[in-house]
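Student: generate coordinates for the sequence data below:
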Amino acid sequence: MDNIEILEMELQSVEELISEMEGKQKELATQQNRMLVLVEAFKDQISFLKDSGTQQVLDLEGENEPDSE
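Tutor: Next comes the predicted model:
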């Protein structure tokens, strides 16, 4: 086996590694996108709960205020 054959084998190994890395990179990007969707859903849920809690407090405060009519 001469130097050229060795270099060709090494090149093939590097190309295979690059291909594997590209596949993993795509998989990670997909997972990252899923996580971003979940984060946005949690933010929306937290905002909804905060707004609901605030509205409930306002409703309770409104019930406790004496009528000024």
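Student: distance between the helix or strand harbouring D44 and the chain's centre?
Tutor: Secondary structure assignment for D44, by DSSP states H and E: helix 3-64. Centroid separation for helix 3-64 versus its chain: 2 Å, with CA atoms, centre = their mean, to the nearest Å.
Student: next, count neighbours for Q12.
Tutor: 10 (other CB atoms under 10 Å). In this view, the C-beta of every residue, glycine as well, is placed from N, C-alpha and C.
Student: wait, I meant M21
Tutor: Neighbours of M21 (other CB under 10 Å): 10.
Student: and it, what does it touch?
Tutor: Contact analysis of M21 by CB atoms under 8 Å, 6 or more residues apart in numbering lists nothing.
Student: where does the chain have low pLDDT?
Tutor: For the chain, the stretches with pLDDT under 70 are 64-69.
Student: again, 80 this time
Tutor: For the chain, applying pLDDT under 80 flags the ranges 1, 57-58, 62-69.
Student: give me phi/psi at D2?
Tutor: Note on D2: backbone dihedrals following degrees, to the nearest 10 are phi -90, psi 180.
Student: how much space between it and E10?
Tutor: From D2 across to E10, the span is 13 Å (CB to CB, to the nearest Å).
Student: out of the two, which sits in the busier spot?
Tutor: E10 (10 against 7).
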